[in-house]
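what follows is a protein structure lacking sequence information:
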């Protein structure tokens with residue numbers, strides 16, 4: 001997108017090295033570059049290049065200038081020369097070169113550059129995302145073909161972008177000539193500053209003639225990317241740092257971007273423009289979006305705490321209309337690249353543009369599901385034809401009717417950026433349903449009202465639900481991912497289990513059996529089962545208590561202290577290997593060893609008897625001469641603690 005350079009000009013001063021002067025023309029180019037007037041800078045740099053100069057920093061800045069103007073074919077030309085003559089570059093240039101190679105469809109070489117970028121950059125998420133998703137083109141292909149895309153019918157020969165719904169109107173930004181006598185020009189593009197326009201969306205899909213939005217909203221600088229509350233009475237929008245005739249500047253005398261709020265009065269006029277309290281003259285905030293409940297405002301910024309070149313942030317809006325502290329959406333969404341243009345659909349999904357994730361080139365549009373506690377999961381590239389090998393951004397959708405708009409600078413458009421209309425024929429469906437029945441371990445009874453919590457592979461909370469009256473629960477999850485399911489219910493022990501979904505649309509049965517925390521005991525109860533004590537205490541042919549068993553036997557001591565009249569029989573069993581006589585003696589020694597340990601640790605000897613049963617009470621088919629696994633034999637080597645009396 002060519003218009004994004006309006007938003008994050010501040011970033012350029014920290015991304016690129018200061019150049020050095022080379023003749024008068026080169027000095028002029030450097031000055032224009034550092035002031036972000038890239039149209040002029042490019043012209044001057046190219047004049048120097050035409051004279052035959054081959055300078056590394058000149059090629060870097062020519063490539064950068066076109067890259068940040070989103071003229072990727074031209075950026076490819078200069079980055080190509082840079083890497084041909086000066087192949088040893090900083091990691092960031094490998095990433096940019098890979099992006100412009102994608103714009104030309106050269107994905108094989110782009111992937112090679114990404115391999116080198118990952119090796120040079122260390123833990124940069126853009127590199128690790130590529131390494132972890134080398135089949136990204138196949139995944140994008142699987143998500144593609146779900147949209148019909150046409151020109152929106154509102155575009156001019158200039159930049160038109162960043163649309164929003166306002167009832168039956170589409171409100172968008174445009175750099176078309178405002179018709180003023182003293183026309184102001186933005187040096188990035190040599191076009192007018194952008195103002196807000198609106199166009200009626202007719203029932204047949206046609207668009208009305210674009211008209212200028214309210215005069216009190218449009219100023220002499222840039223306005224863009226509005227978002228409106230559902231009642232249509234409040235709007236948030238982006239504007240250069242300009243309010244009530246006063247222009248603000250940062251420490252380098254640049255006028256950056258801020259977020260503003262406006263209200264609709266009783267006369268149907270927009271006014272009362274105020275800037276939001278978390279703005280700053282020293283960094284940019286732009287592209288507001290509202291949560292479904294309108295209690296959270298999302299936006300893009302390069303403020304302190306940003307992980308990359310621009311990140312997505314959120315801020316809470318209280319019932320009194322006050323704002324909390326902006327919070328970074330975190331590494332689950334943001335990368336070291338550019339994340340921008342957020343939009344929250346009525347389905348509670350976050351759509352955003354990024355050039356930090358494996359994509360088709362430039363900015364691609366991605367979608368993420370929003371879970372509990374503002375967690376995000378299931379991030380997917382929405383695929384072609386929404387995404388292209390150029391910049392694609394500013395996505396919005398009517399979730400009920402499945403139509404919407406987005407912006408792109410792809411070939412075939414009318415201007416610098418163009419707005420496109422789409423109809424979604426098929427929703428992105430690479431999901432699975434993890435579901436199951438929750439029951440009681442002892443009785444098999446279904447358990448309604450159990451709290452079910454879903455976590456991702458890093459234990460980030462995603463969703464919470466409850467089992468229904470039939471004991472069932474269900475979670476929609478992403479394909480091919482690891483999850484944890486936690487089950488909680490009063491009077492039961494909390495249980496947690498892991499699972500991994502398949503890489504295709506399917507459903508996964510994940511039943512849960514809960515064990516009661518408080519269990520009834522009576523004559524005949526085996527305390528080993530009641531206390532969930534592992535059945536193996538002895539090594540093969542051994543009769544001494546293993547060290548790891550002492551913790552489990554301590555549970556028996558505690559219960560017998562709680563019930564001082566309880567008496568138990570310790571029953572020891574062996575597997576069928578060795579002779580029956582040998583096993584009977586071995587089990588008897590084991591029973592006596594267990595009794596001795598309990599007596600030593602405080603249980604009166606009159607309350608315990610011990611007996612060895614050898615191989616006479618096997619729990620499976622592993623009798624003499626039957627071939628069994630070691631695990632099957634181990635199941636027979638066990639101790640039981642049977643209550644023989646209790647008062």
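In hand now; what should we look at? Keep in mind the model is a prediction, meaning the values are calculated, not measured.

start and end of stretch 114-127, how far apart?
7 Å (C-alpha to C-alpha, to the nearest Å).

in that stretch, what counts as buried?
114, 115, 116, 117, 118, 120, 121, 124, 125, 126, 127 (16 or more other C-beta atoms under 10 Å). From N, CA and C alone the C-beta is placed, and that goes for glycine too.

likewise for stretch 95-107?
Result for stretch 95-107 [16+ other C-beta under 10 Å]: buried residues 95, 96, 97, 98, 99, 100, 101, 102, 103, 106, 107.

stretch 621-630 now?
Buried, per 16+ other C-beta under 10 Å, within stretch 621-630: 622, 628.

stretch 157-175 now?
Neighbour counts over stretch 157-175 (16+ other C-beta under 10 Å) mark 158-166, 169-175 as buried.

and what of stretch 328-347?
Using 16+ other C-beta under 10 Å as the test for burial, stretch 328-347 gives 328-329, 333-345.

domain assignment for the protein?
3-122, 147-424, 431-514, 527-645 (automatic domain parsing).

now do the shortest one: distance from first to last residue.
Using C-alpha to C-alpha, the span of domain 431-514 from its first residue to its last is 27 Å.

who touches stretch 323-332?
Stretch 323-332 has contacts (C-beta atoms under 8 Å, 6 or more residues apart in numbering) with 125, 276-278, 297-299, 301, 303, 305-307, 311-318, 334, 374-377, 379, 460.

which one of the buried residues of stretch 157-175 sits closest to residue 87?
Among those, residue 159 lies closest to residue 87 (C-beta to C-beta), at 35.2 Å.

just the pLDDT for that closest one.
Note on residue 159: pLDDT of 91.

where in the chain is pLDDT low?
For the chain, applying pLDDT under 70 flags the ranges 1-41, 177-192, 429-430, 503-506, 535-541.

again, only using 50
Low-confidence segments of the chain, defined by pLDDT under 50: 1-26, 36-37, 180-183, 185-190.

for residue 227, give its distance to residue 344.
9 Å (C-beta to C-beta, to the nearest Å).

so what sits against both of the two?
289, 290.

all helices for the stretch 1-150 of the chain, in order.
Under the criterion DSSP state H, counting those that start in this stretch, helices of the stretch 1-150 of the chain are mapped to 9-15, 23-34, 38-50, 56-68, 72-85, 91-103, 107-121, 125-132, 136-143.

how about JSON lines for those, with distance to residue 611 added?
Formatted as JSON lines, the helices of the stretch 1-150 of the chain follow (distance: least, C-beta to C-beta, whole Å):
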{"stretch": "helix 9-15", "distance to residue 611": "79"}
{"stretch": "helix 23-34", "distance to residue 611": "91"}
{"stretch": "helix 38-50", "distance to residue 611": "90"}
{"stretch": "helix 56-68", "distance to residue 611": "82"}
{"stretch": "helix 72-85", "distance to residue 611": "82"}
{"stretch": "helix 91-103", "distance to residue 611": "72"}
{"stretch": "helix 107-121", "distance to residue 611": "65"}
{"stretch": "helix 125-132", "distance to residue 611": "58"}
{"stretch": "helix 136-143", "distance to residue 611": "63"}
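
any idea which residue of the chain is furthest from its center?
residue 581 (63.7 Å; C-alpha atoms, centre = their mean).

flag every buried residue along the strand or helix carrying that residue.
According to DSSP states H and E, residue 581 maps onto helix 580-600. Buried residues in helix 580-600, counted by 16+ other C-beta under 10 Å: 583-595, 597-598.

report the secondary structure state of residue 625.
Using DSSP: H, G, I helix; E, B strand; the rest coil, the structure places residue 625 in coil.

actually residue 423, sorry about that
Going by three-state DSSP: residue 423 is strand.

you'd agree residue 301 is up against residue 285?
Yes - when contacts are counted by C-beta atoms under 8 Å, residue 301 is listed as touching residue 285 (4.6 Å).

circling back to that earlier point, next structured bit after the helix holding residue 581?
strand 608-612.

angle of that following strand against helix 580-600?
Using axes from the mean of the first three to the mean of the last three C-alpha atoms, to 10 degrees, the inter-axis angle of strand 608-612 relative to helix 580-600 is 160 degrees.

for strand 608-612, packing partners?
With contacts defined as 3 or more C-beta pairs under 8 Å, 6 or more residues apart in numbering; DSSP states H and E, the packing partners of strand 608-612 are strand 567-573, helix 580-600.

check contacts around the nearest residue to residue 382 once chain neighbours are set aside.
Nearest non-adjacent residue to residue 382, counting by C-beta to C-beta, 6 or more residues apart in numbering: residue 365, 5.1 Å away. Neighbour list for residue 365: 351, 352, 353, 381, 382, 386, 387, 392, 393, 395, 406 [criterion: C-beta under 8 Å, 6+ apart].

let's see that with 7 Å instead.
Shown in contact with residue 365 (C-beta atoms under 7 Å, 6 or more residues apart in numbering): 351, 353, 382, 386, 387, 392, 393, 395, 406.

now the first one: which helix or strand?
Take DSSP H and E as the rule and residue 351 turns out to sit in strand 349-354.

and the contacts of that strand?
The contact list for strand 349-354 (C-beta under 7 Å, 6+ apart) reads 312, 335, 337-345, 363-370, 376, 392-393, 395.

which ones among the residues you listed are found in strands?
Using DSSP state E, the members of the contacts of strand 349-354 that fall in strands are 312, 339-344, 364-370, 376, 392-393, 395.

the helices of the stretch 1-150 of the chain: which one's closest to residue 639?
helix 125-132 (47.2 Å).

could you report the distance from residue 456 to residue 344?
20 Å.

show me the helices in the stretch 251-400 of the chain, by range?
According to DSSP H, counting those that start in this stretch, the stretch 251-400 of the chain contains no helices.

grab the nearest non-local neighbour of residue 370.
Closest residue in space to residue 370, ignoring its immediate chain neighbours: residue 348 at 5.0 Å, by C-beta to C-beta, 6+ apart.

please disregard the earlier target; I meant residue 585.
Closest to residue 585 by C-beta to C-beta, 6+ apart is residue 612, at 7.3 Å.

who's in contact with the one you found?
Here residue 612 is in contact with 572, 584, 587, 588, 590, 591 (C-beta under 7 Å, 6+ apart).

can we see that at 6 Å?
Residues near residue 612 by C-beta atoms under 6 Å, 6 or more residues apart in numbering: 572, 584, 587, 588, 591.

just residue 56 next, same as before
Contact analysis of residue 56 by C-beta under 6 Å, 6+ apart lists residue 86.

and it, how far is that from residue 63?
From residue 56 over to residue 63 (counting by C-beta to C-beta), the distance is 11 Å.

could you do residue 260 as well?
35 Å.

before we move on, what about residue 441?
65 Å.

more neighbours, the two?
residue 63 (24 against 16; other C-beta atoms under 10 Å).

these two touch, right, that one and residue 77?
No - the pair residue 63 / residue 77 is not scored as a contact, 8.2 Å apart, by C-beta atoms under 6 Å.

partner residues bridging the closest residue in space to residue 588 that isn't next to it in sequence?
The shortest distance from residue 588 to any non-neighbouring residue, by C-beta to C-beta, 6+ apart, is to residue 612 (3.3 Å). Beta bridges link residue 612 to residue 572 when assigned by DSSP bridges.
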